[in-house]
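> No sequence on hand, only this structure:
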Ligand SMILES: [Zn+2]
């Protein structure tokens, strides 16, 4: 079965993770721009990070047969540094025009401050100008209120709900997100947010329409195989194969296809691997024999 992980921070993962993901059926991924665990002190760091998502990280994925797409945005945490936020919003348009950028994101709320709201609304406008959908992070603290705030802001600014993916849902937010007409993402974690069995229960209750699951794996304790593991848990619980394919493949493809930069034909077959290829003179290999497929 082909798997799409629509939210995974591969920058912080190893080549072992790429190998394991490919072996588990992951064919394509979206890597959202986010914060890096500690605050950046200059917009230049964002420029380098955005370029690495488009360049080196896409190359690393390709070396293991995985197609890499990304989203570009100013994350909610760093929206609270007004000077930095202004500069990053200024540089975003040039990145939003790049091939392989399939949404504006992760945007949204962390502490639910006025500064976060300003940056959220500004990036909804950027998404509209660039005809891109948006990937929205919902806060860990006071999630229900943060999700409500998100849905209200989308409505108030007339942003088309079918172009919004509201992520990190739980039992207390999913119903409202679906009722609003947005797509609903779920980050499957070893301990927090959502796990495989709870996800199974949500699918049994709400069905597969506009439901998306991801691993959200990053530099914290997380698991880049959570999408294939959730697919297996759904199958074991008797959820029909059509629904599993819809959740783990069709839905993310359909959502990000709204960018005009990801088509079914582009991801239908697994990318072939050629590890002889270099990126600006650099390889992922350390003395290994390059793997080359037809
Ligand atoms: Zn994330």
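Received it, and whenever you're ready, just let me know what you need. Bear in mind that the values here come from a model prediction, so they are computed numbers and not experimental data.

> Show me which residues of the chain sit near the ion.
With Cβ under 5 Å from the ion as the criterion, the chain meets the ion at residues 34, 216. (Each C-beta comes from the backbone N, C-alpha and C, glycine too.)

> Which strands or helices does the worst-scoring helix or strand of the chain on mean pLDDT pack on?
Here the helix or strand of the chain ranked lowest by mean pLDDT, DSSP states H and E is helix 264-267, holding a mean of 88. Contact partners of helix 264-267 among helices and strands, from 3 or more Cβ pairs under 8 Å, 6 or more residues apart in numbering; DSSP states H and E: helix 251-257.

> Count the neighbours of residue 273 for me.
Residue 273 is flanked by 18 other residues according to other Cβ atoms under 10 Å.

> Next up, the contacts around it.
Contact analysis of residue 273 by Cβ atoms under 8 Å, 6 or more residues apart in numbering lists 62-65, 291-293.

> Which ones among these map onto helices?
Here DSSP state H is the test, and those give residue 62 as lying in helices.

> Tell me which stretches of the stretch 51-200 of the chain form strands.
Assigned by DSSP state E, counting those that start in this stretch, the strands in the stretch 51-200 of the chain fall at 67-72, 101-108, 134-137, 164-166, 183-187.

> Quick one: mean pLDDT for the third one?
Pointing back at strand 134-137 there. Mean pLDDT, strand 134-137: 98.

> how many neighbours does residue 239 have?
The number of residues packed around residue 239, counting by other Cβ under 10 Å, is 18.

> what about the closest residue to it other than its chain neighbours, neighbour count?
With Cβ to Cβ, 6 or more residues apart in numbering as the criterion, residue 239 has its nearest non-adjacent residue at 5.8 Å, and that residue is residue 203. Residues within reach of residue 203, counting by other Cβ under 10 Å, total 21.

> and if you look at residue 217?
Quick note: residue 217 (other Cβ under 10 Å) scores 26 neighbours.

> Over to residue 289?
For residue 289, the neighbour count with other Cβ under 10 Å is 8.

> Let the chain start at 3 from now.
With the count now opening at 3, the last piece we talked about shows up as residue 291.

> roughly how far apart are it and residue 183?
Residue 291 is 51 Å from residue 183, where distance means Cβ to Cβ, to the nearest Å.

> Residue 142 now?
24 Å.

> So these two - more neighbours on which side?
The residue with more neighbours, out of residue 142 and residue 183, is residue 183; 14 against 11, by other Cβ under 10 Å.

> ok, that one touching residue 163?
Yes. Between residue 183 and residue 163 a contact is recorded at 3.6 Å, counting by Cβ atoms under 8 Å.

> So residue 20 lies in a strand, does it not?
No. In this structure, residue 20 is helix, not part of a strand, as judged by DSSP: H, G, I helix; E, B strand; the rest coil.

> give the contact list for it.
For residue 20, the contacting residues are 12, 62-63, 65-66, 68, by Cβ under 8 Å, 6+ apart.

> how about the nearest residue to the residue in the stretch 53-202 of the chain positioned nearest to the ion, chain neighbours excluded?
The stretch 53-202 of the chain approaches the ion most closely through residue 108 (5.3 Å), counting by Cβ to the ion. Nearest non-adjacent residue to residue 108, counting by Cβ to Cβ, 6+ apart: residue 139, 4.1 Å away.

> So the one you found sits against residue 106, correct?
No. If you go by Cβ under 8 Å, residue 139 and residue 106 don't touch, sitting 11.8 Å apart.

> confidence score at the residue nearest to residue 241?
You'll see residue 205 listed with a pLDDT of 98.

> so it, which of the three states?
Here residue 205 is helix, with the state taken from three-state DSSP.

> From residue 168, how far off is it?
In this view, residue 205 and residue 168 are 17 Å apart by Cβ to Cβ.

> can you check residue 157 too?
With the distance defined as Cβ to Cβ, residue 157 ends up 12 Å from residue 168.

> returning to what we had before: I figured the residue nearest to residue 241 was touching residue 244, is that so?
No. Counting by Cβ under 8 Å, residue 205 does not reach residue 244; the two are 12.0 Å apart.

> returning to that earlier point: can the strands of the stretch 53-202 of the chain go into a markdown table with extra columns for mean neighbour count and distance to residue 57?
Below are the strands of the stretch 53-202 of the chain laid out as a markdown table (neighbours: other Cβ atoms under 10 Å; distance: least, Cβ to Cβ, whole Å):
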| stretch | mean neighbour count | distance to residue 57 |
| --- | --- | --- |
| strand 69-74 | 26 | 10 |
| strand 103-110 | 28 | 12 |
| strand 136-139 | 29 | 20 |
| strand 166-168 | 28 | 24 |
| strand 185-189 | 26 | 26 |
